[in-house]
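Student: Got a predicted model here, sequence first, then my questions.
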Amino acid sequence: MRKFHLIPSSVFTFLLAAAALCPAQSSTSLPVSVSIYDRTRVDAWQWFAAPPETGTYGYVESLLRVGVAQRLHRWDWQLEVAQPSVLDVPNDAVSPVTAQGQLGLGGTYYAANTNTEPAAGFLKQGAVRLDGERTDLRFGRFEFFDGQETQPRNTTLAWLQTNRIAQRLIGNFGFSNAQRSFDGLDAHWSGAGWNLAAMAARADQGVFNMNGNPELNVDLQYLAATRSDFKQHVLWRVFAAGYHDGRTGVTKTDNRALAVRSMDHENIRIGTYGADMLAAIPAGPGQFDFLFWGALQNGSWGELGHRANAAAVEGGYQLTHLPTNPWLRGGWFRSSGDNNTTDGTHNTFFQMLPTPRVYARVPFFNLMNNTDEFVQLMDKPVKQLTLRADLHWLSLTSSHDLWYQGGGAFDNKVFGFTGRPANGATSLASLADISTDWQTAKNVAVNFYYSYAQGKTVAAAIYPTGRNLQYGYVELVYHWSLDQRKNSNQ
């Protein structure tokens, strides 16, 4: 990718924000809303040691999204452009040792762009929505999040839906700098506590590749029914999703030998069928919460058949009558792995096109061939500040499969998931992390994250000179919008 320079998005944001402070003229004839989103993040990595390549480095990510939308009588439209850039990406954070691979996301950004300062601009969203009394139909380019078709009024269910259900299989990969969009259509019908949602679309390039304009030969179909019961204390969903990857020139990532995988040019076609349930039950000075999510898969993995499964069970208790509302939760997740490379069946659970960082806050693993036992503690000392700490004990489900990373297809050159050998072991790592999210002003947030992972048998076999990992970032987010329908700054 040819190297070029753009003005940093923070400069654009400053100019646009300054303009926004000027008195706006009243306009009711053109109900147009304008939004600006700017995220600047400074990342620091200390990857598992793999000398002589660099595993300790930092870089800066900047993402600017500018959108315009208009709502008329029975329809609305949205247009949004994005300008992502990454500064000072390391060019030596990819190990020549195949098993060691990319040493953190800095290596991934460089491998995807072959550039130490990749930047681009593209159409992020461009869609038209037809809005009926109980139905709506949207078509064009848009973002989509599985499991988030509704907006629960219960704040506990809303948090669980956003942070522990949504985007396990389909998401915008929002933590990455170029993110992900879809070209297609989706529809919703709601009434009497029910919501039915359907989507059919093709994935776009992006995520780690700064050019998010082209489409990929990767298709999705999704259907879900969601219902709220028991006075908004229970939310459940059943869903089905179809996935097709027609990029026959891309080598698949699985536990077969490279020579065998390189000869497999057949398409991937997978069906996923599942259900989930959330509950928030008042009890004593607080409330219990409960979560279940499960999925089965079948289809074809190139020349192989495909059969896989995954499940999650979580629960917790929150003290709701204290000023700070501390919330302690724990859970267990397990997805199937493949135990036999010669039986003609691929048994590794396939995560499709998720946002992996929602469930792996330091993204050195994902939900494929994974078993995750965790506890987490959250609190809000003040309304504008959220604190969170997690402990995870991670292992591979099958010692004959791979240690998987990644979040799915993002260009036509690579598969989108990477894998490292398990070497006959299952113990992967113990992970501890903390985060603070501080809404410092109405339009400005400052976020901090730090994590430490102690590599176990699987990681130590691949990185014998340094089995531990650290990752952290500081992030500044600015979000401003002007809605002329209200004739006011927001």
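Tutor: Everything's here; your move.
Student: quick one: stretch 174-187 to chain centroid distance?
Tutor: Centre-to-centre, stretch 174-187 and its host chain are 10 Å apart (C-alpha atoms, centre = their mean, to the nearest Å).
Student: got the buried residues for that stretch?
Tutor: Neighbour-count burial for stretch 174-187, counted by 16 or more other C-beta atoms under 10 Å, picks out 174-187. Backbone N, C-alpha and C define where each C-beta goes, glycine included.
Student: Can you lay out these as CSV showing distance to Lys442 and pLDDT?
Tutor: CSV is the format used below for the buried residues of stretch 174-187 (distance: C-beta to C-beta, whole Å; pLDDT from 0 to 100):
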residue, distance to Lys442, pLDDT
Gly174, 21, 95
Phe175, 24, 96
Ser176, 27, 97
Asn177, 25, 96
Ala178, 28, 97
Gln179, 24, 97
Arg180, 28, 98
Ser181, 28, 98
Phe182, 31, 98
Asp183, 34, 98
Gly184, 35, 98
Leu185, 35, 97
Asp186, 31, 97
Ala187, 34, 97
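Student: Need the max-distance pair from those.
Tutor: Greatest spatial distance in these: Asn177 and Ala187, 30.4 Å, computed using C-beta to C-beta.
Student: Show the low-confidence segments of the stretch 301-450 of the chain, by residue range.
Tutor: Counting by pLDDT under 70, the stretch 301-450 of the chain contains no low-confidence range.
Student: Do a quick rundown of the strands in it.
Tutor: With strands called from DSSP state E, counting those that start in this stretch, the stretch 301-450 of the chain shows them at 304-319, 327-335, 345-346, 370-382, 385-396, 402-406, 417-421, 427-441, 444-455.
Student: and Asn211, which of those strands is closest to it?
Tutor: Counting by C-beta to C-beta, Asn211 lies closest to strand 402-406 out of these; the figure is 18.5 Å.
Student: Point out the other helices and strands that the closest one packs with.
Tutor: strand 417-421 (3 or more C-beta pairs under 8 Å, 6 or more residues apart in numbering; DSSP states H and E).
Student: The strand it packs on versus strand 402-406: what angle between them?
Tutor: Going by axes from the mean of the first three to the mean of the last three C-alpha atoms, to 10 degrees, strand 417-421 is angled at 150 degrees with respect to strand 402-406.
Student: which strands and helices sit next to strand 417-421?
Tutor: Packing partners of strand 417-421 (3+ C-beta pairs under 8 Å, 6+ apart): strand 402-406, helix 457-462.
Student: Now tell me what touches stretch 120-139 from outside.
Tutor: By C-beta atoms under 8 Å, 6 or more residues apart in numbering, the residues outside stretch 120-139 that reach it are 6, 65, 67, 74-85, 140-143, 178-179, 181, 184-191, 206, 210-213.
Student: ok, back up a step: got JSON lines for the strands of the stretch 301-450 of the chain, with distance to Leu123 and mean neighbour count too?
Tutor: Shown next, in JSON lines, are the strands of the stretch 301-450 of the chain (distance: least, C-beta to C-beta, whole Å; neighbours: other C-beta atoms under 10 Å):
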{"stretch": "strand 304-319", "distance to Leu123": "34", "mean neighbour count": "19"}
{"stretch": "strand 327-335", "distance to Leu123": "34", "mean neighbour count": "18"}
{"stretch": "strand 345-346", "distance to Leu123": "35", "mean neighbour count": "20"}
{"stretch": "strand 370-382", "distance to Leu123": "34", "mean neighbour count": "17"}
{"stretch": "strand 385-396", "distance to Leu123": "33", "mean neighbour count": "18"}
{"stretch": "strand 402-406", "distance to Leu123": "25", "mean neighbour count": "24"}
{"stretch": "strand 417-421", "distance to Leu123": "26", "mean neighbour count": "19"}
{"stretch": "strand 427-441", "distance to Leu123": "29", "mean neighbour count": "17"}
{"stretch": "strand 444-455", "distance to Leu123": "26", "mean neighbour count": "17"}
